[in-house]
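Undergrad: the sequence and its predicted three-dimensional model are supplied below.
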Amino acid sequence: MGTVGKVTGIGTPVRRKGIKGFLRRTWPLHVMLLPAVVLQFIFGYLPLGGLVIAFKDYKPYDGIWGSKWVGLDHFKFMFEYPDSKQVILNTTLIAGLKIIFNIVVPFCFALLLNEVRRNSVKRTVQTLVYLPYFISWVFLGGILNDMLSTDGIINMLLHNWFGLDPILFLGSGNWFRFIVVLTDVWQQFGFGTIVYLAALAGVNPSLYEAAEVDGANRWRQTLSITIPSLAPIVIVVGTLAIGNIMNAGFDQIFNLYNPLVYDKGDIIDTFVYRTGILNGQYSFGTAVGIFKSIVGFVLIVIGYRVAYKLADYKIF
Amino acid sequence: MQLKRVSSVLLVSALAFSVTACSGNGNNAQNEPAATKAAAESTNAGGNASATNAAGNVDETGWDGSKYVEPITLTTVKGIGTNYFFKNGETMENNVMQSYMKDNLGIDVKYDWIVTDTNDAYKTKLRLMLSSGEKMPDVITYRGDMETVNMLIDSGQFMDIGDLFDKYAGDNYKKGVELNAYTWLPVTRDGQRMALPVLDYAYNDDMLLWLRQDWMDKLGLQPPKTLADFEAIMDAFVNKDPDGNGKKDTLGIATGFKNTFLGWMGDISWLFGDYGTLPGQWNKSADGTLTYGSIDPGAKQALATLKTWMDKGYISKDSGLKDENGAAELFTKGQAGALVGRNWMPDWPFGDLLNNVPGAKYKGYPLPAGPDGKIGAQSGNPSVNGWMLINKDAKNPEALLRYYNFFFDNWANPEKGSEFENGFAEGYDWAKLPDGTITKDPQKYPDLFPDYADRTHLVEPIYYTLTFEGARQPSLYADTMSKLANGEAPVTPYEIQSAAIRKPENIEAMKIVLEQKDIRMKNYFQGPLTETMKQKNELLNKLINQTYSKIIYGQSPIDEFDTMVDNWKKSGGDQITKEVNDWYNSASSK
């Protein structure tokens, strides 16, 4: 992080001419940057001021400034809430599984797809698995509810092929978690695959040629060239994903869950939706949001340090 | 994600709104004469009398019996709804309604601001006005969430309208308010009535039992009187292949309790009513205190019954995963033989049933009674649809009541041949063809409806009123339907129109609703969320919904109910019960 200052190419010659000369030479670049900075400031930074309501008893009638200060009461309430432990556990468990499988599955899939010789097949498959990524969970939720219902197509097939009794997939906790992770990976892995395929395209072909000359077979090449070449991008994706450990996917869970699976499927975001939005506890909702962001931030920093220590790899 | 959450909330409210709009649209727009002719005549007589006496009889407010001698000004603010359409050249501030009220009643309505009411713009602007401490107009009318009304009341800028109402409200308005003994509860503070109710048609949200009549006939079943009868019917629906496809794929009753056990369609709360309680609301107990229905011992019996229904396949195995719409689909796709819902369901969604299952027939029945003869159902719409607040400093606070009275007496149910028989103004919401018949079709007769900006919509000036749709007599809709159901010929314009547009099953259903109106069980808690509710509602609702569902699915034993009740009480339920009763005592003591 400390290296950023040194890198700027324009910087070095300019320092001699002073700030004025620097600006004269580079002002068009600053003007071009300005809209982005202004937008980021207005929509990214100004609203941060609203976080103050996490420490107040916010009442819309009194306004943000008029509301009473309550210090850390909302945070205390969050940890004393009887369901908090369960909800945080559910969130980290579901999010953790999603993070792991969303790295492993697209990684393997990209390796396999990379071995396909015919470009037309490769591209068609790539596009097809990418498609679900664009479907909103409101629709997917409706479709899955239908498919997984006791007289839905899945249970019908299970009955016809294996003679199984209907399974209440979305109504029993362990099945619910399984379905949530499975469908999330199904929806997301096309996107991950594209990232890894792009990385694969960047591997120097001469490495493979040299390996072939040395008599390495396809499998040996994968182990010794392909996987090590992909390691940096896996580390980047993995580190960034760790920040999402508190995000188990509101849209998905909200569209699939029901009272029967509250104990196994209720996550922080659905819980905040019910308290914060439905019951008008805006301050409390904001407090939970801050808590989530802090945990995510801390984990990203740790992940970054670990990646640096273990893999000697710098992301930023 | 934030955006999605917000938009899903908006979507839900939009849907909810369109449903109300559907149920409402059928009955507004007409110029309806007296449901009870006698009543209307006496009103008219009264009106005439006061008009004649009026000449030398100007009271201290400057009112001569039919208008203000010196026109007065009434300031307000306005959110223009999506059902407002204007002629070319007319606006909210300058239109046929404005000039009519100014010329005939001497009331000149002025708008401090006007906003197009999309995305809750009106509510937002009102709240901004409150938080910035702006001066309030003479009158604020609001239709929407109670929270905003409570904020307006708590701002301290509005007056106790109790005396005004007693002194100036007309008989028709008073009668409408008295129809429901608890109309004032939500806006009562320390015995003072802080807002005037905007009335709407009553009984429109009451529940009755809909059965597949073609199945009943095919299996030779008799209408159910008791829960046992009904269980026998469901058993036949499930096991005797009523749809004749040779498969055991039919259900007894369509219901869904994913979100609530007190649903607005595919409702199951009536089964709790058969055991003397209603879940999810505050019922009055024998000793006069309010108790929460979900923890009542009767609820345990209802859950035990529901579990047997689940085991026997009377209800769908997916019921716990379905919301109201999902539940209704079980009926409309022809899988379930019964559904508990409202009187207007023939208009929607039963049309889908006829599309999906050609030849299907449905019919409304009274709800069956429980083992001890008990019976109870949601009481639905309290016939209030909006509130009006009057500024403490208003010069003519009584003007709003005179404004509203005028529409109750002349618009809500007009006589044949009276001024508003066909609509508010010729060339706006009605026109007369050369042969004397009345038309409301601006697209077909452009000459008769001049200056229209958009011919696909009828311009209805009545929506420009301060009181949303002029005035609605709560009992009119139900009374008219029941009259038509008894085979009486429609006489007044309102009756004629109802007879023309309402399906016969709908009319019959409304009659049943009126006959069983003694089974209504009211939610006695109408106040703002209490402190403990704000903190604990989520926890407690989750506890109840989860335990209920698990008991019905057999994932928890029935005695889990008792543990739940203990937990509910310990986790804030006792405190909430106390707060609710405190509120009730302070609100109901006048």
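TA: Good, I have the coordinates. Numbering: from 1, shown residues only, chains lettered A, B, ... in the order given.
Undergrad: skipping adjacent residues, who's closest to B:Pro223 in space?
TA: Spatial nearest neighbour of B:Pro223, chain neighbours left out: B:Tyr365 (5.5 Å); criterion: C-beta to C-beta, 6 or more residues apart in numbering or on different chains. The C-beta positions use only the backbone N, C-alpha and C, and glycine is treated the same way.
Undergrad: any part of stretch B:270-286 near chain A?
TA: No: shown here: stretch B:270-286 not in contact with chain A (C-beta under 8 Å from any C-beta of the partner chain), separated by at least 12.8 Å.
Undergrad: contacts for that stretch?
TA: Contacts to stretch B:270-286, defined as C-beta atoms under 8 Å, 6 or more residues apart in numbering or on different chains, come from residues B:207, B:209, B:227, B:260-262, B:269, B:290-294, B:296, B:298-299, B:301-302, B:305-306, B:340, B:367-372, B:374-378, B:519, B:521-525, B:544, B:548, B:580.
Undergrad: with stretch B:540-555 instead?
TA: With contact meaning C-beta under 8 Å, 6+ apart, stretch B:540-555 is reached by A:83, A:168, A:171-172, A:258-260, A:262-263, A:266, A:274, B:257, B:260-261, B:279, B:294-295, B:303, B:306-307, B:310-311, B:319-320, B:556-558, B:560-561, B:563-564, B:567-568, B:571-573, B:576.
Undergrad: filter these to the buried ones?
TA: Listed as buried from the contacts of stretch B:540-555 are A:83, A:168, A:171-172, A:258-260, A:262-263, A:266, A:274, B:257, B:260-261, B:279, B:294-295, B:303, B:306-307, B:310, B:319-320, B:556, B:560-561, B:564, B:567-568, B:571-573, B:576; burial here means 16 or more other C-beta atoms under 10 Å in any protein chain shown.
Undergrad: which ones among these are found in helices?
TA: Among the buried ones among the contacts of stretch B:540-555, the residues falling in helices (DSSP state H) are A:Tyr262, A:Asp263, B:Leu303, B:Leu306, B:Lys307, B:Met310, B:Glu560, B:Phe561, B:Met564, B:Asn567, B:Trp568, B:Ile576.
Undergrad: farthest-separated two in the residues you listed?
TA: Between any two of those, the greatest separation by C-beta to C-beta is 29.9 Å, found for B:Met310 and B:Ile576.
Undergrad: hang on, isn't B:Ser379 packed against B:Asp206?
TA: Yes: with contact defined as C-beta atoms under 8 Å, B:Ser379 counts as touching B:Asp206 (6.9 Å).
Undergrad: now the common contact residues for those two.
TA: By C-beta under 8 Å, 6+ apart, B:Ser379 and B:Asp206 have these common neighbours: B:Arg520.
Undergrad: and chain A, which residues reach chain B?
TA: A:60-63, A:66, A:77, A:81-83, A:138, A:145, A:149-151, A:166, A:168, A:170-172, A:250-251, A:254, A:258-260, A:262-263, A:266, A:269, A:271, A:273-275, A:277-281.
Undergrad: buried ones only from those, please, as a ChimeraX command.
TA: Provided next is the ChimeraX selection string for whichever of the residues of chain A next to chain B are buried by 16+ other C-beta under 10 Å:
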select /A:60,61,77,81,83,145,149,150,166,168,170,171,172,250,251,254,258,259,260,262,263,266,269,271,273,274,275,279,280,281
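Undergrad: what ranges does the stretch 1-150 of chain B have for its strands?
TA: With DSSP state E, counting those that start in this stretch as the criterion, the stretch 1-150 of chain B has strands at B:72-80, B:107-116, B:139-142.
Undergrad: let me fix that, I meant to ask about chain A.
TA: Here chain A has its strands, by DSSP state E, at A:56-57, A:68-69.
Undergrad: most packed of those strands?
TA: Across those, averaging neighbours per residue (mean count of other C-beta atoms under 10 Å in any protein chain shown) puts strand A:56-57 on top, at a mean of 18.
Undergrad: tell me which other helices or strands that strand touches.
TA: If you count contacts as 3 or more C-beta pairs under 8 Å, 6 or more residues apart in numbering or on different chains; DSSP states H and E, strand A:56-57 packs onto strand A:68-69.
Undergrad: how far off centre is the strand it packs on?
TA: 35 Å (C-alpha atoms, centre = their mean, to the nearest Å).
Undergrad: now it: mean pLDDT?
TA: For strand A:68-69, mean pLDDT is 90.
Undergrad: what does that strand rub up against?
TA: Contacts for strand A:68-69 (C-beta under 8 Å, 6+ apart): A:Phe55, A:Lys56, A:Asp57, A:Asp62.
Undergrad: who touches B:Trp583 in this structure?
TA: Counting by C-beta under 8 Å, 6+ apart, B:Trp583 makes contact with B:Phe525, B:Gly527, B:Thr530.
Undergrad: what residues does chain B put near chain A?
TA: B:1, B:4-5, B:8-9, B:127, B:130-131, B:147, B:151, B:154-155, B:249, B:257-258, B:316-318, B:320-321, B:326, B:529, B:533-535, B:537-539, B:541-542, B:545-546, B:548-550, B:553, B:555, B:571.
Undergrad: the residue in the stretch 401-550 of chain B that chain A sits nearest to: how many residues sit nearby?
TA: Closest to chain A within the stretch 401-550 of chain B is B:Asn545: 3.8 Å, counting by C-beta to the nearest C-beta. B:Asn545 is flanked by 23 other residues according to other C-beta atoms under 10 Å in any protein chain shown.
Undergrad: for the residue in the stretch 1-150 of chain B that chain A sits nearest to, which non-adjacent residue is spatially closest?
TA: Closest contact between the stretch 1-150 of chain B and chain A, by C-beta to the nearest C-beta, is at B:Ser131 (4.3 Å). Nearest in space to B:Ser131, with sequence neighbours left out and distances taken as C-beta to C-beta, 6+ apart, is A:Gly63 at 4.3 Å.
Undergrad: tell me where the chain is predicted with low confidence.
TA: The chain I'm using is chain A. Scanning chain A for pLDDT under 70 picks out A:1-17, A:60-61, A:315-316.
Undergrad: think we crossed wires, I meant chain B
TA: Within chain B, the ranges that satisfy pLDDT under 70 run B:1-56, B:380-381, B:590.
Undergrad: contacts only, for B:Lys432.
TA: B:Asn422, B:Glu426, B:Ile438, B:Thr439, B:Leu448.
Undergrad: which residues does it bridge with?
TA: The bridge-partner assignment for B:Lys432, based on DSSP bridges, gives B:Ile438.
Undergrad: ok, it to B:Phe449 distance?
TA: Note on B:Lys432: its distance to B:Phe449, by C-beta to C-beta, to the nearest Å, is 11 Å.
Undergrad: and the closest residue to B:Leu433 other than its chain neighbours, how many neighbours?
TA: Residue nearest to B:Leu433 in three dimensions, not counting chain neighbours: B:Thr439, with 5.6 Å by C-beta to C-beta, 6+ apart. Using other C-beta under 10 Å, B:Thr439 has 14 other residues around it.
Undergrad: in a markdown table: the contacts of B:Trp583, plus distance to A:Ile294.
TA: Output for those, formatted as a markdown table (distance: C-beta to C-beta, whole Å):
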| residue | distance to A:Ile294 |
| --- | --- |
| B:Phe525 | 38 |
| B:Gly527 | 37 |
| B:Thr530 | 32 |
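Undergrad: circling back: among the contacts of stretch B:270-286, which are in helices?
TA: B:Leu227, B:Ser269, B:Gly298, B:Ala299, B:Gln301, B:Ala302, B:Thr305, B:Leu306, B:Ile544, B:Tyr548, B:Val580.
Undergrad: how near is the fourth one to chain A?
TA: By that I understand B:Ala299. 15 Å (C-beta to the nearest C-beta, to the nearest Å).
Undergrad: so who does that residue touch?
TA: By C-beta under 8 Å, 6+ apart, the residues touching B:Ala299 are B:Phe272, B:Tyr275, B:Thr277, B:Pro279, B:Gly293, B:Phe561.
Undergrad: can you tell me how far it is from B:Lys503?
TA: From B:Ala299 to B:Lys503 the distance is 35 Å (C-beta to C-beta).
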